[in-house]
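**Q** Test case, fold it:
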Amino acid sequence: MRFNPKARLDTRRTRDVGRSGGRSSGSTGRLGGGRGGGSLPLPGGVAGGGGVLAVVLAIGFFVVTQLMGGGTDGGPGGTALDTSRVEGTERYASCETGEDANRSADCARVAVENSLFDFWGDTLGADFRPEQALVTFSGDVQTGCGGASSAVGPFYCPADETIYLDSGFFDEVLERQLGGPDGGFVEAYVLAHEYGHHMQNVLGTMGRVRTQQGASSDAVRLELQADCYAGMWARGATATEDSTGTALFSELSDEDVRLALEAAASVGDDRIQEKTSGQVDPESWTHGSAEQRQRWFRVGFDGGDLTDCDTFAARTL
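**A** Numbering: from 1, shown residues only. Next comes the predicted model:
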């Protein structure tokens, strides 16, 4: 993955709150607060705890718990993000060009967000609504959906339409604990998946979620669709542009796609259950198997469009 050195980066939607955490208006408590509090249920039915068990929800599980728990008031998707409290550090202040993105993982994160913004803006046209922010944090953070710790992993909060990410997740959890790959495009895939959840929020797909567990559940369909949307973006990433019409990417290789597929497999419910309990229980799945996650990413990458990515209409997943 290489960015065009001449591209200009827009940092307005990417913010860092450091270790102190940002607080969204009108909401406190644990993630999934709309369900009555308590610890967040994890795939496999394991209640919250330390180590790998606390992070096996891995990518995007939280979006389902918030949906099933009901919304909060304010904003397009619920609680509006209090931006005065999330502009905490200067972490992204030096991210100005694609060359900066080639040298810095932080600036690469900005470049990927810019690419996702451009891709989905072109794809949805007048229906597009950008995310309120991509917020990085360390330790814990308060969101429109409640409080979260780094153990939750990357997630999208529909209530404040914001993606939250502890960047340490990739080395500490995805690679070391879950056995996932290491590489620059791994984070890009994760961000694309979470942005896919935002597109589902914009398009109203989240309202179709009724069943939360099981190999063919609505929760699994939602997650596999987000993987398909990530594949759509990956296919079109090299055509995305900055605000001046300059290409953001200069190269996206077969190796980048391979890393994305490896990352998708590493957070499949069956892989996680094998690592945590040694047993695979499809009836408790919330994200889909490794094979399903790879396959739906491929559907999007190999020419799929919004209709092809309609996992809710698919007879088999």
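
**Q** now the strands for the chain?
**A** Counting by DSSP state E, the chain forms strands over residues 2-3, 14-16, 133-136, 140-143, 146-149, 155-157, 162-165, 249-251, given from the N-terminal end onward.

**Q** looking at the protein, which helix or strand is least sure?
**A** The helix or strand of the chain with the poorest confidence is helix 61-69; it has a mean of 42 (mean pLDDT, DSSP states H and E).

**Q** ok so, going back, lowest-confidence stretch among the strands of the chain?
**A** Least confidently modelled of the strands of the chain is strand 146-149, at a mean of 86 by mean pLDDT.

**Q** Can you name every helix or strand that that strand contacts?
**A** Applying 3 or more C-beta pairs under 8 Å, 6 or more residues apart in numbering; DSSP states H and E, one finds that strand 146-149 makes contact with strand 140-143. Every C-beta, even on glycine, is put in place using the N, C-alpha and C of the backbone.

**Q** Tell me the neighbouring strands of the strand it packs on, and mark each as parallel or antiparallel.
**A** In the sheet containing strand 140-143, the strands it pairs with under DSSP bridges are strand 146-149 (antiparallel).

**Q** Point out the most buried one among the strands of the chain.
**A** Of the strands of the chain, the one with the most neighbours on average (mean count of other C-beta atoms under 10 Å) is strand 155-157, at a mean of 29.

**Q** I figured Ser253 hits Ala234, correct?
**A** No - using C-beta atoms under 8 Å, Ser253 and Ala234 do not qualify as a contacting pair, with a distance of 11.2 Å.

**Q** okay, the strands of the chain in TSV with distance to Gly303 next?
**A** Output for the strands of the chain, formatted as TSV (distance: least, C-beta to C-beta, whole Å):
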stretch	distance to Gly303
strand 2-3	23
strand 14-16	30
strand 133-136	27
strand 140-143	35
strand 146-149	36
strand 155-157	25
strand 162-165	26
strand 249-251	19
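
**Q** doesn't Ala264 make contact with Asp227?
**A** Yes - checked against C-beta under 8 Å, the pair Asp227 and Ala264 is within contact range at 6.0 Å.

**Q** Which neighbours do these two have in common?
**A** Applying C-beta atoms under 8 Å, 6 or more residues apart in numbering, one finds that Asp227 and Ala264 are jointly contacted by Arg293, Phe297.

**Q** ok, back up a step: for Ser253 and Ala234, indicate the residue with more neighbours.
**A** Set side by side, Ser253 and Ala234 show unequal neighbour counts under other C-beta atoms under 10 Å, the larger going to Ala234 at 22 against 11.

**Q** middle-most residue in the protein, spatially?
**A** What sits nearest the mean C-alpha location of the chain, by C-alpha atoms, centre = their mean, is Glu194, with 2.1 Å.

**Q** distance of that residue from Thr162?
**A** The span separating Glu194 from Thr162 equals 10 Å under the rule C-beta to C-beta, to the nearest Å.

**Q** what touches both of the two?
**A** In contact with both Glu194 and Thr162: Tyr156, using C-beta under 8 Å, 6+ apart.

**Q** Which parts of this protein are helices?
**A** Along the chain, counting by DSSP state H, helices occupy 61-69, 98-103, 105-124, 169, 184-203, 218-236, 254-266, 269-276, 290-301.

**Q** for these, which one sits closest to Val141?
**A** Each of these was checked against Val141 via C-beta to C-beta, and the shortest separation belongs to helix 61-69, namely 11.9 Å.

**Q** burial of Leu191, as a residue count?
**A** The local packing count at Leu191 equals 21, with neighbours defined by other C-beta under 10 Å.

**Q** For Ser217, see how far away the closest residue to Gly214 other than its chain neighbours is.
**A** Taking C-beta to C-beta, 6 or more residues apart in numbering as the measure, Gly214 lies nearest to Glu283, with 5.5 Å between them; neighbours along the chain are not counted. To Ser217, Glu283 is 9 Å away according to C-beta to C-beta.

**Q** before we move on, back to that, looking at the helices of the chain, which is buried most?
**A** Using mean count of other C-beta under 10 Å, the stretch among the helices of the chain with the largest mean neighbour count is helix 218-236, at a mean of 26.

**Q** chain center to that helix: distance?
**A** For helix 218-236, the distance from its own C-alpha centre to the chain's C-alpha centre is 10 Å (C-alpha atoms, centre = their mean, to the nearest Å).

**Q** which helices and strands sit right next to that helix?
**A** Counting contacts by 3+ C-beta pairs under 8 Å, 6+ apart, the secondary-structure elements packed against helix 218-236 are helix 61-69, helix 105-124, helix 184-203, helix 254-266, helix 290-301.
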